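A.B. asks: 3D model of this:
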Amino acid sequence: MAKTPRPATAVDLTVEQQALLVEGVDAWQTNSIADQGVRRLFITDGPHGVRKVRSSAGSFAIGDNETSTAFPPAVTVASSWNPDNAHAMGEAIGREARAAGVDVILGPGVSTTPRTRWSRVCSAVPSCAASNRSASGPR
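C.D. replies: Below you'll find the predicted structure:
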C-alpha cells in the first residue's frame, strides 16, 4: 500500500517560508507554498457572520462586502441560556463560509494579561475581572 505524503509542518519550512505564512498576499489571503503543499487561505472578519470583501484586495469599508447574514453578538446568544442557539448559529456561519470560499473566520481574542496597554489586548474579551478593571488604565 502506497504511503500518503504527510503535509508540511513548520520544521519542514525554511525561515523565509515560515515568514511568508504570517505575511499574507493582501489583507485577506495568506501566501501559499506550493512545493510544500501549503495552499493559500482566505480569511474574513467574524464572529457575527461571514464578512467577506468583494475583492481580496478590497478595503475594510462596509460597502465593499459581499451580502451575508448578520448574526447577533455572542453576548446576546449567551443571554438566551440555550447552547443549541449558539450551535445552530455556528453551523450556519460555517455553511455560509464554505459557500463563500472562506477558510478562516477571525473571532474575538481572550485577554490573558491584566495589563492592556499594548496592541489589541484592550479590545479582547477579558479573561478575568482583574483584567477588565485594568482596561481603564492604572489605578
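
A.B. asks: so what's residue 39 closest to, chain neighbours aside?
C.D. replies: residue 32 (5.2 Å; Cβ to Cβ, 6 or more residues apart in numbering). For the C-beta atoms, the positions are set from N, CA and C on the backbone; glycine is no exception.

A.B. asks: how near is that neighbour to residue 17?
C.D. replies: 10 Å (Cβ to Cβ, to the nearest Å).

A.B. asks: contacting residues around residue 69?
C.D. replies: 49-50, 92-93, 96 (Cβ atoms under 8 Å, 6 or more residues apart in numbering).

A.B. asks: if you set the cut-off to 10 Å instead, what comes out?
C.D. replies: 48-50, 89, 92-93, 95-96 (Cβ atoms under 10 Å, 6 or more residues apart in numbering).

A.B. asks: which of the residues you listed has the weakest pLDDT?
C.D. replies: Of all those, residue 48 has the smallest pLDDT value, namely 83.

A.B. asks: Tally up the residues packed near the residue nearest to that residue when sequence neighbours are not counted, please.
C.D. replies: In space, and not counting its chain neighbours, residue 48 is closest to residue 71: 4.9 Å by Cβ to Cβ, 6+ apart. When neighbours are defined as other Cβ atoms under 10 Å, residue 71 has 20 of them.

A.B. asks: Now residue 85. Nearest residue, chain neighbours left out?
C.D. replies: Residue 85's closest residue in space is residue 77 (Cβ to Cβ, 6+ apart), at 5.3 Å.

A.B. asks: That neighbour against residue 71, yeah?
C.D. replies: Yes. Taking Cβ atoms under 10 Å as the definition, residue 77 is a contact partner of residue 71 at 7.8 Å.

A.B. asks: ok, back up a step: you'd agree the residue nearest to residue 85 is in a helix?
C.D. replies: Yes. Using DSSP: H, G, I helix; E, B strand; the rest coil, the assignment for residue 77 is a helix.
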